[in-house]
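**Student:** only geometry, no sequence info:
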């Protein structure tokens, strides 16, 4: 366990001299997904100064998540956040030749929890002239037992993903717990396969959904969970989807960086979403490609969805669509239908842009190795391959907000596939 402690004693004169103990604060990072670089602790003011942790070569250093122990439960907690000063060498996978803009690490509202299950938002932080963002975490009360968790956004760790997949498989006979692969560092990459009824696989729509190709984008895993929860619900439309589709779901792709608290985006040699080539570096990408190629060979890779969180200034949800030259006529029509239905469903729960953005040659040097472009280029003539970006920097960017977006996405998928049914 890595800790940084500060404690003090104050003397008071109450009918004589007595010593009053100030709570000793400890910053703890001995758990899945934790990351921080502590700059200072003031126990008296109950204040922690810090910046994101992580190794720059393992992705953008914008994620932070840690526990503060020894708090005074009746006193608010002050967090003073600075942007990371880390850089890496220039290259396709690591372009940070100067520190990453601090805006990526500074959500308007920080996430906090006393139990690691229910995550709340602070009031909007205040940015000072020194560039620090200051958040006030309310007094936690005695139920916190002297500990508070704080984070960039509601965390969704690989350990949580593994437990959720296991429990979902145990609770629902139509959901099969599977292992996509083992990561380069030996971690289990959990996956669900959802299918109900006796219809043979070859006659089912093929659907693939994954989240967290960029490890720090924790909100996308909550969207993924909301997507599955609706599909497994008692809604008659959800039942139709289960009975007519075979759906693969991976809640965390980059498990190694998510587990170690690294950003993942632009990790060396390239991040997961720039790795979709004939010889991928990452085990997760290679394993996903194998299943997807199998669906293509059967002529039923119908929908591929890649879930992300966007830039700090993107306050509306939107889709990235593949380069137009990769779309065959049938795919163009199906993509337009899906986008229309998705906007109809998502807009009531999260503001959404009217049109998608395009990941063409001007977007990135490795644009052909972005997952949606690879799938569109290697899929069936009817394949729809899209990336959904759900904003992380709004008052709706909560566990509930993300879950609602996932449910809306699943409803759109059902409507789209039902439109395809003869």
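**Tutor:** On my side now, so go ahead. What you are looking at is a predicted structure, and each value in this text was computed from that prediction instead of being measured.
**Student:** if I pick residue 360, what's in contact with it?
**Tutor:** Going by Cβ atoms under 8 Å, 6 or more residues apart in numbering, residue 360 touches 323, 324, 325, 367. (Glycine included, C-beta is placed from N, CA and C.)
**Student:** May I ask which two of these are separated the most?
**Tutor:** Within those, 324 and 367 form the most distant pair, 12.3 Å apart (Cβ to Cβ).
**Student:** Compare the two and say which is more crowded by neighbours.
**Tutor:** residue 367 (18 against 10; other Cβ atoms under 10 Å).
**Student:** got TSV for the contacts of residue 360, with distance to residue 26 too?
**Tutor:** Shown next, in TSV, are the contacts of residue 360 (distance: Cβ to Cβ, whole Å):
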residue	distance to residue 26
323	50
324	54
325	56
367	46
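**Student:** Just give me the closest of those to residue 153.
**Tutor:** residue 367 (27.3 Å).
**Student:** any idea how far residue 285 is from that closest one?
**Tutor:** 16 Å (Cβ to Cβ, to the nearest Å).
**Student:** Show me where the stretch 301-422 of the chain has its strands.
**Tutor:** In the stretch 301-422 of the chain, the strands defined using DSSP state E, counting those that start in this stretch lie at 301-308, 318-322, 357-359, 384-389.
**Student:** any chance of those strands in JSON lines, plus distance to residue 212?
**Tutor:** Formatted as JSON lines, the strands of the stretch 301-422 of the chain follow (distance: least, Cβ to Cβ, whole Å):
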{"stretch": "strand 301-308", "distance to residue 212": "8"}
{"stretch": "strand 318-322", "distance to residue 212": "16"}
{"stretch": "strand 357-359", "distance to residue 212": "18"}
{"stretch": "strand 384-389", "distance to residue 212": "13"}
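**Student:** Looking at these, which is nearest to residue 415?
**Tutor:** The nearest among the strands of the stretch 301-422 of the chain, by Cβ to Cβ, is strand 301-308 at 11.8 Å.
**Student:** to the chain's geometric centre, what's the distance from stretch 290-310?
**Tutor:** Stretch 290-310 sits 19 Å away from the centroid of its parent chain (Cα atoms, centre = their mean, to the nearest Å).
**Student:** er, stretch 415-422 actually
**Tutor:** 29 Å.
**Student:** now the strand or helix carrying residue 285 and strand 384-389, what's the angle there?
**Tutor:** Per DSSP states H and E: residue 285 is located in helix 283-297. If you take axes from the mean of the first three to the mean of the last three Cα atoms, to 10 degrees, helix 283-297 sits at 150 degrees to strand 384-389.
**Student:** quick one: contacts of helix 283-297?
**Tutor:** For helix 283-297, using Cβ under 8 Å, 6+ apart, the contacting residues are 180-184, 189, 206, 208, 210, 248, 250, 253-255, 272, 275-276, 280, 301, 304, 371, 374-375, 378-380, 383.
**Student:** Next: stretch 100-110.
**Tutor:** Here stretch 100-110 has contacts from 51-52, 60-64, 79, 81-84, 86, 121-125, 127, 131, 133, 135, 137, 150-153, 311-313, 392-395, 397, using Cβ under 8 Å, 6+ apart.
**Student:** of the residues you listed, buried ones?
**Tutor:** 51-52, 60-64, 79, 81-84, 86, 121-122, 125, 133, 135, 137, 150-153, 312, 392-394, 397 (16 or more other Cβ atoms under 10 Å).
**Student:** and those, which of them are in strands?
**Tutor:** Cross-referencing these against strands under DSSP state E gives 51, 79, 81, 121, 133, 135, 137, 150, 151.
**Student:** the bottom helix or strand of the chain by mean pLDDT?
**Tutor:** Within the chain, no helix or strand scores below strand 9-13, which has a mean of 29 by mean pLDDT, DSSP states H and E.
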